[in-house]
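Asker: Need a 3D model of the sequence below.
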Amino acid sequence: MDQIYAELLKFKKSPLYKYRTENKYLPVLGEGSLTAKIMFVGEAPGRKEAESGRPFCGASGKLLDELLASVKLKREDVYITNIVKDRPPENRDPTPEEKELYAPFLDRQIEIIKPKVVAALGRHSMEYLMYHFGLESKLEPISQAHGKAFEVKAPYGKISVVALYHPAVAIYNRNQKATLIKDFKIMKKKVLL
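Answerer: This next block holds a predicted model:
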């Protein structure tokens, strides 16, 4: 992971590099257990994440911690990362080009950690993971895919790819929190199989 982080620090090929350095932001590699059974993948860091270098440390992160607690998991027992490792300007969605540029870093993280479950937090990570693991024929909108688990073969064995809403959805619509809690229970069951 240290090698990946060192590469990210000088990743001038990215259109986000100049924005990061001008704003004195940090790349956000990820954090958690390197032997985690569950890896959460979001889309890209927000401002607080880029300032601290930690994923999901703002309002979405607090909610993610609550969701983890609802299934008796601690943040330090899972691994949390994003596809895109630098903050896009104005908190916009990452572009297809940005996702493509940063995806190899995520792929290497998955190879290092070898999680049993890769949980996509939101549509951007869900789309990438579905294509990456050959599930493009099962791709559907996140509003239909959330809570579903897909069994795939990774180079190190069978794993589940689980689609989840991004925690931010419950910040903007409190009614979605119950859905997220239910979906987290489905995800946790996949770890126990």
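
Asker: So which residue is smack in the middle of the protein?
Answerer: Centroid-nearest residue in the chain, with C-alpha atoms, centre = their mean: V41, separated by 1.2 Å.

Asker: Tell me the confidence at the residue nearest to it when sequence neighbours are not counted?
Answerer: Distances taken as C-beta to C-beta, 6 or more residues apart in numbering place S125 nearest to V41, at 4.2 Å, with adjacent residues excluded. C-betas here are computed from N, CA, C, even on glycine. What the model reports for S125 is a pLDDT of 96.

Asker: by contact count, what packs against the helix or strand where S125 lies?
Answerer: Following DSSP states H and E, one finds S125 within helix 123-132. Judged by 3 or more C-beta pairs under 8 Å, 6 or more residues apart in numbering; DSSP states H and E, helix 123-132 is in contact with strand 38-42, helix 96-113, strand 117-121, helix 142-145, strand 157-164.

Asker: Correct me if wrong: the residue nearest to the centre of the chain contacts I83.
Answerer: Yes: the pair V41 / I83 is scored as a contact, 6.3 Å apart, by C-beta atoms under 8 Å.

Asker: that older thread, can I get the helix holding S125 as PDB, trimmed to CA atoms?
Answerer: C-alpha atoms of helix 123-132 as PDB (Å, rounded to 0.1, in the frame of the first residue of the first chain):
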ATOM      1  CA  ARG A 123     -23.600   4.000  -8.600                       C
ATOM      2  CA  HIS A 124     -20.100   5.000  -9.700                       C
ATOM      3  CA  SER A 125     -18.400   2.200  -7.800                       C
ATOM      4  CA  MET A 126     -21.100  -0.300  -8.500                       C
ATOM      5  CA  GLU A 127     -20.800   0.300 -12.300                       C
ATOM      6  CA  TYR A 128     -17.000   0.000 -12.200                       C
ATOM      7  CA  LEU A 129     -17.100  -3.200 -10.000                       C
ATOM      8  CA  MET A 130     -19.800  -4.800 -12.100                       C
ATOM      9  CA  TYR A 131     -17.800  -4.300 -15.300                       C
ATOM     10  CA  HIS A 132     -14.500  -5.300 -13.600                       C
END
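
Asker: Okay, buried residues for stretch 84-95 please.
Answerer: Residues 84-88, 94 are the ones in stretch 84-95 that count as buried (16 or more other C-beta atoms under 10 Å).

Asker: State the pair within the residues you listed that is farthest apart.
Answerer: Distances among the buried residues of stretch 84-95 were taken as C-beta to C-beta; the most separated pair is K85 and P88, at 11.0 Å.

Asker: intersection of neighbour lists for these two?
Answerer: Common contacts of K85 and P88, defined by C-beta atoms under 8 Å, 6 or more residues apart in numbering, comprise A44.

Asker: Any regions of this structure where pLDDT drops low?
Answerer: The model of the chain has pLDDT under 70 over residues 192-193.

Asker: hmm, what's the outermost residue in it?
Answerer: For the chain, the residue at maximal distance from the C-alpha centroid (C-alpha atoms, centre = their mean) is E22, at 25.1 Å.
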